[in-house]
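Colleague: Below are the sequence and a predicted model for it; my questions follow.
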Amino acid sequence: MLRFNNINAFKGISNQLVRKYSQAAKEATFVRDRTANPLNPSTWSHLNAAQVLDMYFQACSMKYLHPSLPVQKHLEYQDDVELEQLQRIAPEIGFDTNYLTTLYENGVLSEALTEIINESLADSRDLTHVYSPAALEQFEKIRSDRHYFRIKAHELPLLVEKRVPYEHRTDEEYPLKFTFSNALNDKTSQMNASCKVEVAVKNLKLNEDIKHVVRLLAGEHYNIKTDTITISSGLFNTGVQNASYLKDKVQTLVQAAKDNLNEFKDIPLDAKQPEEIKTKTTIKDELSSLNKNFPKEWANPADHVEKRIDPRPLMKTYYEQMKHLERLQHTFSSE
């Protein structure tokens, strides 16, 4: 005899009719035909599929709970007329007729239908009344992970078609170098939109006079040691917008240098660079160097501080003497 132990075997046979019946029974809106007798399948011939299911479930309950009958298995209550009525509705409820017959003859048809109905009711429940918020959050995390796993498995391989060979860009061909910042742990940070551009002036396709004026007009943004102009922007909400804005700024700077070439080409470039930020180590080294090279004759006697005596050796000697004295007293008292 077959045993029904796994609902997974019936995943493909549950359908909208069984779910509709279970939902109607749950909401108490199902209308039963009072003229049909659950224990007399010959009265089911005019019933639709949902009503036949209802009669079948009532018959199963009455066969088990009828006071005049002993509690026995379904195999002892099989009815050919009942089987014919179930075979009639088999296509409507999604069962193969032969498969339904096999389940019925082995006494597991009602159990299979019950499992399908229970599963459909479980799918329609509000999960917030079943699981805690922490569990629902964990489910959402698993669902999100699986979503990206599917993208990795099915969509990422398609990017191979868009692959192009890498072409190295030289500084002479691309004198503008854009740098974007990204705070991975904070999507709302303004740092995500900031952008910086570094312009190698020597690589600009301009004559030397215009390059000289570009360096002059850049002002504090120009670094004479690296011969680069550095400009940053965070005015807009995205890095692409800031990059476009910086590109326009560089173009405006070059155009201004061309328009004012005759006025500024004779002005020498200021070789003095802004002072670098001094670290604690740099300040300490400078103070140490000053103290080392400070003339002794310039020292003020009032600033001289006498060296303090370390009391620890004196205290050590004092305690040793006290211990020696206690030993002597103990010796004399014992004698």
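Modeller: Yes, it's here.
Colleague: Please, where are all the strands along the stretch 101-250 of the chain?
Modeller: 176-180, 195-200, 222-223, 228-233 (DSSP state E, counting those that start in this stretch).
Colleague: Nearest to residue 97, out of the ones you listed?
Modeller: strand 176-180 (65.6 Å; C-beta to C-beta). Every residue, glycine included, has its C-beta placed from N, CA and C.
Colleague: ok, how many other residues are close to residue 249?
Modeller: The number of residues packed near residue 249 is 16, by other C-beta atoms under 10 Å.
Colleague: most neighbours per residue, which of the strands of the stretch 101-250 of the chain?
Modeller: Each of those was scored by mean neighbour count; the highest is strand 195-200, a mean of 20, by mean count of other C-beta atoms under 10 Å.
Colleague: what's that strand packed up against?
Modeller: Applying 3 or more C-beta pairs under 8 Å, 6 or more residues apart in numbering; DSSP states H and E, one finds that strand 195-200 makes contact with strand 176-180, strand 228-233, helix 239-259.
Colleague: could I get the strands of the stretch 101-250 of the chain as CSV with distance to residue 154 and mean pLDDT?
Modeller: Output for the strands of the stretch 101-250 of the chain, formatted as CSV (distance: least, C-beta to C-beta, whole Å; pLDDT from 0 to 100):
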stretch, distance to residue 154, mean pLDDT
strand 176-180, 30, 90
strand 195-200, 34, 92
strand 222-223, 49, 89
strand 228-233, 39, 92
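Colleague: Pipe the ones you listed into CSV and attach distance to residue 325 per row.
Modeller: Shown next, in CSV, are the strands of the stretch 101-250 of the chain (distance: least, C-beta to C-beta, whole Å):
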stretch, distance to residue 325
strand 176-180, 77
strand 195-200, 77
strand 222-223, 75
strand 228-233, 77
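Colleague: Let's have the helices and strands packed on strand 195-200 in JSON lines, adding distance to residue 91.
Modeller: As requested, the helices and strands packed on strand 195-200 are exported to JSON lines (distance: least, C-beta to C-beta, whole Å):
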{"stretch": "strand 176-180", "distance to residue 91": "62"}
{"stretch": "strand 228-233", "distance to residue 91": "69"}
{"stretch": "helix 239-259", "distance to residue 91": "59"}
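Colleague: Tell me which of the ones you listed sits nearest to residue 39.
Modeller: Closest among those, using C-beta to C-beta: helix 239-259, at 76.1 Å.
Colleague: Quick check: buried residues in whichever helix or strand comes after that closest one?
Modeller: As assigned by DSSP states H and E, the chain's next helix or strand after helix 239-259 is helix 261-264. By neighbour count with 16 or more other C-beta atoms under 10 Å, helix 261-264 contains the buried residues residue 264.
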